[in-house]
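>>> when you get a sec, could you give me coordinates for this:
(2 chains)
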Amino acid sequence: MKLKEKIPDKEFWTKGHNCCKGCGLPIAVKHFLNITEPIAVVNPACCFTVVSSNFPCTALKGSYFVYVPFAMASTITAGIKIGLGDYHKGKKIISAAIAGDGGTYDIGFDKVSASAERGDDIIYVCLDNEAYMNTGIQRSGATPWGAATTTTPPPFVKKEQKKDIIGILAAHKISYAATLNFAYINDFVSKIKKAKEMKGFRFLLIMAPCSPGWGFSPDLAVEISRLAVESGAFPLYEVENGKYRVTIEPKFESRREKLEKYLKSQGRFDHLTNEDIKRIRDDTLTEQRRLRALEQLVY
Amino acid sequence: MIKVMTGAGAFAEGIRVSKPHTVSAYPITPQTDIVKTIAKMIAERKLECNFVNVESEQAAMAIVHGVALTGKRVSTFTSSHGLWYMAEMLYAHTTLRLPLLFGDVTRAMGMPFNIWSDHSDPEFVYSFPAVQFFCSSAQEILDHVVIGYRLAEEDYFTVIAFLEGFLVSHAAQPVEILEQNLVDKFLPPFKPRKGHFIDPDDSPKTFGGHDLFPNSEFYDLLRRKTFSDLKKTKENYKKIANEFAELFGRKYEPIETYRTEDAELVLVALGVTAHTAKVAVDELREKGVKCGLVRILMIKPFPEEEFIESIGKSKTVIVLESDNTGVFFKDLAAAFCGRAEPKILGSIIGIGGREITPETIKKIISKSENRKPKLYWEEEY
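All right, here's what the predicted structure looks like:
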């Protein structure tokens, strides 16, 4: 893959953080911080809290780090933006939330919805590792169908679908919502750059593969991320002012084999039968068709 | 100049002359009039500030927390269910030592559903590291918004100003308004301390970050400092109140004493109950009973020394309160712990807005001689 996008060589995220071996978070966060240079990063309880800021140290070099009660990330980020205004000495003020899927899909959901409804001028990053990983792998509204967690242990694996958070927030008519995956670095960087230049509520859903939580070998973080897109399990698309656009279209012929590889590389899907895998594959095809149909909508 | 306004209107007026940067609040009876008044003031250009409409009390507190983190003057206000709903967020704000002027219009807490006033709100936040005033009139609430901001911004605490639902919030009273030029002199624009806010010109800091290691003393030391700093706000309040008296002519102290100089029996009460108790005191004095009253204005930090000084020589003290567990009785008893006199009794009355009259209070006084020193939940009104 050729690097088309210019990635700033800054040090907003330093080494010495506490991430697990093979964690996807540091890759995502490093690029996000270096590109957007937020004045403040608001963070509710999630993995990011304990890996980045353990008193008396911090891995964030250029941004204030504000730890907040679990549900409150989006609203406090908005408050900070209101307090600071739009510019400081000619530089655009960016107030960002970095939250997990728990704080976004579940406990913080109504706050995120209200922020979206108000059009709070913030960038909201959801690092989606598809469960409450910080507390030891419990299911969230972001946990996919069929996944095992400590609160959905086999045979009582999750039988509910993953919440369509992008669809929900797009229905609030926000300026920008997108799914991001660092295995596709150009797409990843260009979406962050786009969000940086926009105004209003901008929502970035970043897939954050979790080695201990998903049960894959730590050296496979990027590979798992790539398989997620190639299999259709994690489609890459954006909704810009209501307009849907699929940004990376995986090859149709290889989807089935990629999905099998994706599911079989993760311990959380160990118990899946062939029927389950077929069901998941059908779901990814339905989703692909849904997104294609949404792309056709003209405003 | 005298104007007629309700307690809610007076609180809003206090906010107006304090010129906050941002106000955010969620409507709840009996606080709603404050929300509407402030929104109207902004529409009429009498107040220039951000008013953020939010989806819940949690969010209201979160918005002002975010703005306060950037070193700006803010306010929010609520009642009962809203107070409990934003409790986590409010506690986070108080323990992060950020200034705030917080209004609470007291209201009984469910279940069952009840909109009338009692003291369950101050009871609930009694343990929070916040300075707390229980105001008893529209004038007092107007004055304490402005005094509260001075205290909050000097000592870096949340200041909670309580006013009773309907009894004060909805009762129209004559109020001496505060001249803007004098308020500007008394309450200058907020200058946040360096390193205590999100400052684009400063090196970045971490707010609220946690300590990974167990058995760390850091949190303990921080809490200890917070609560010891809270105790010191009383002296600063007195200084600020003196300054206020010089500019505006009204002198405030942590407690108000009424006919306590030679009193053998002293009532202790808050807010409107204290004014009702004054009537009972006057009626009993006519009959030769040497009684008096102390009204607590600054309920936190609890003014122990002032109590000991004013009523230390009386024989009986009866604390009248409208909360469920007797928090003021307990604090007063603790202040006099170890002393044989006075005998301290507590009476819970007025729960859920049940009406308290001078008769109610006189009945309690008549029982006090035969009662043992403890907390009583009154039945006869």
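>>> tell me the secondary structure for the spatially most central residue of chain A?
Per CA atoms, centre = their mean, the C-alpha nearest to the average position across chain A is that of A:I206, at 2.2 Å. At A:I206 the chain is in strand, as set by DSSP: H, G, I helix; E, B strand; the rest coil.
>>> for beta bridges, what are the partners of it?
Partner residues in beta bridges with A:I206: A:L127, A:L180, with DSSP bridges as the criterion.
>>> likewise B:F51?
When bridges are taken as DSSP bridges, the partners of B:F51 come out as B:V23.
>>> what residues does A:N34 make contact with?
A:I7, A:P8, A:D9, A:K10, A:E11, A:F12, A:W13 (CB atoms under 8 Å, 6 or more residues apart in numbering or on different chains). Placement of C-beta: from N, CA and C, glycine included.
>>> run a quick neighbour tally on B:K205.
By the criterion of other CB atoms under 10 Å in any protein chain shown, B:K205 has 17 neighbours.
>>> which SSE is whatever residue of the stretch 1-150 of chain A ends up closest to chain B in?
Closest approach between the stretch 1-150 of chain A and chain B, counting by CB to the nearest CB: A:G79, at 1.8 Å. Assigned by DSSP states H and E, A:G79 belongs to helix A:73-84.
>>> and the very next helix or strand once past that helix, what's its mean pLDDT?
Along the chain past helix A:73-84, the next helix or strand (assigned with DSSP H and E) turns out to be strand A:87-88. Model confidence over strand A:87-88 averages 96 on the pLDDT scale.
>>> show me the contacts for the residue nearest to A:S211 when sequence neighbours are not counted.
Among residues not flanking A:S211 along the chain, A:G22 sits closest, at 3.7 Å (CB to CB, 6 or more residues apart in numbering or on different chains). By CB under 8 Å, 6+ apart, the contact list for A:G22 reads A:P209, A:S211, A:F216, A:S217, A:P218, A:D219, A:L220, A:A221.
>>> wait, a strand at the last one?
Read it as A:A221. No: A:A221 is assigned helix when assessed by three-state DSSP, not a strand.
>>> that one against A:P209, yeah?
Yes: assessed by CB atoms under 8 Å, A:A221 is found in contact with A:P209 at 5.2 Å.
>>> flag every buried residue along the helix holding A:G79.
Applying a neighbour-count criterion of 16 or more other CB atoms under 10 Å in any protein chain shown, the buried positions in helix A:73-84 are A:A73, A:S74, A:T75, A:I76, A:T77, A:A78, A:G79, A:I80, A:K81, A:I82, A:G83, A:L84.
>>> how close does the fifth one sit to A:D120?
Pointing back at A:T77 there. According to CB to CB, to the nearest Å, A:T77 and A:D120 sit 7 Å apart.
>>> give the contact list for A:T247.
A:A178, A:D187, A:K191, A:L236, A:Y237, A:E238.
>>> packing partners for the host helix or strand of the third one?
Spelled out, it's A:K191. A:K191 is located in helix A:185-197, with elements delineated by DSSP H and E. With contacts defined as 3 or more CB pairs under 8 Å, 6 or more residues apart in numbering or on different chains; DSSP states H and E, helix A:185-197 has these neighbours: helix A:25-36, strand A:176-180, strand A:202-207, strand A:236-240, strand A:243-248.
>>> kindly list the main-chain dihedrals of B:N236?
Its backbone dihedrals place B:N236 at phi -70, psi -40, with angles given as degrees, to the nearest 10.
>>> surely it is in contact with B:E154?
Yes: taking contacts as CB under 8 Å, B:N236 lies within contact range of B:E154: 6.2 Å.
>>> so the most centrally placed residue in chain B bridges to which residues?
Central residue check for chain B by CA atoms, centre = their mean: the C-alpha nearest the mean position is that of B:F133, 2.5 Å away. As for beta bridges, B:F133 partners with B:A161, B:M298 under DSSP bridges.
>>> okay then, goodbye and thanks.
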